[in-house]
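# This is the structure alone, sequence omitted:
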């Protein structure tokens, strides 16, 4: 039994909508838990909020990547897509995989230097690093910048180092 191209498109779009709704619900639930705390945050609460921030950021990033992969797979698997569109989709998939590998390597390298947690996002506009912990000194920010520039082989102007404190 052969599935019609129109049915494939509808199926892929439906899956993407489900992923989008799931991400929205998770975002709402996590932000609701954070805003429902009326007491002044204690040291334990701050750690929980920080862990939630980094977990939510990773979850959002993974959900977005999953939907991108589904979209690109639909283009690659479609009989109506041109050869150039399929080739472009395959190239985009490889770029995403490469970015994912670099992000993971950078996060690991930063955490190995003693930082509690870090999340790295590589986009077309550059690399953004968010580090957990006390406010960063200029020296610490420069150390993180050096790690990113060495590992990612990029310019210092392409990197933004932020602190989540």
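Looks like it arrived, so ask away. Given the structure is predicted, the values throughout are model-derived calculations rather than measurements.
# where are the low-confidence patches of this protein?
1, 3, 32-51, 165 (pLDDT under 70).
# domain parsing for it?
1-81, 99-165 (automatic domain parsing).
# of those, which approaches residue 91 most closely?
Smallest distance to residue 91 across the domains of the chain (Cβ to Cβ): 9.6 Å, for domain 1-81. The way it works is simple: take the backbone N, C-alpha and C, and place the C-beta from them, glycine included.
# where do the strands sit along this structure?
118-123, 126-132, 159-164 (DSSP state E).
# can you tell me which residues contact the most centrally placed residue in the chain?
By Cα atoms, centre = their mean, the chain has its centre lying nearest to residue 61, at 2.9 Å. Residue 61 makes contact with 119, 121, according to Cβ atoms under 8 Å, 6 or more residues apart in numbering.
# cool, and residue 155?
Neighbour list for residue 155: residue 149 [criterion: Cβ under 8 Å, 6+ apart].
# same thing but at 10 Å, please
Neighbouring residues of residue 155 by Cβ atoms under 10 Å, 6 or more residues apart in numbering: 126-127, 149.
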